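Trainee: Next comes the sequence, and after it the predicted model I'd like to discuss.
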Amino acid sequence: MKQSNTCWVLGHKVTPYDTSGDYDMMMAETPPHIPGPPPHSHKSFKEAFLIVEGEMEFMVDGEIKVVRAGESLDIPPNTLHTFSNKSDNPCKWVNIHSPKGFRQFFEKMGVPIENTNAQESSISPEIIQEVIQSAANFDMHIKM
């Protein structure tokens, strides 16, 4: 499969991959002490996370779960969730959304990795506001 361009999305380095199935897949790396997106749910998407290296803390419907390398987590539709890397080490992880469609969020909100200060730009107040204002267009329903 052809690899698309890597970008920074809300402080996370994200590389979407082309797939032949009805799902979107991407590989991500989250530096230490980086929060995730605001708590949100998806009405249509099922989401899965596979931690490849390090660990990630998830909030799923109010419950906190730490998922470590080699472990996975499934998020059904209509489930409030978020995640963050609260550890001192980077976390590498695979993310899958099914059916296809959520990749467009990464492509729209991402800052190309080759841009100067791309990671910092990806968490600028302007980008955060754009995410909040347009999230529902990507079936990402933020709970503030």
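Mentor: That came through, no problem.
Trainee: from here on, contacts and neighbour counts on C-alpha atoms
Mentor: Fine.
Trainee: Go through the protein and flag its longest helix.
Mentor: helix 125-134 (DSSP state H).
Trainee: any idea of the pLDDT on the residue lying farthest from the centre of the chain?
Mentor: Ranking residues of the chain by C-alpha distance from their mean position (CA atoms, centre = their mean) puts residue 116 at the top, at 21.5 Å. At residue 116, the model reports a pLDDT of 94.
Trainee: what's the answer for residue 2, then?
Mentor: pLDDT, read off for residue 2, is 48.
Trainee: now swap in residue 5 and tell me
Mentor: On pLDDT, residue 5 comes in at 86.
Trainee: what's the distance between it and residue 45?
Mentor: Distance, residue 5 to residue 45, using CA to CA, to the nearest Å: 23 Å.
Trainee: Between the two, which is the more surrounded one?
Mentor: residue 45 (23 against 14; other CA atoms under 10 Å).
Trainee: if I read this right, that one contacts residue 98, doesn't it?
Mentor: Yes - using CA atoms under 8 Å, residue 45 makes contact with residue 98 at a distance of 5.3 Å.
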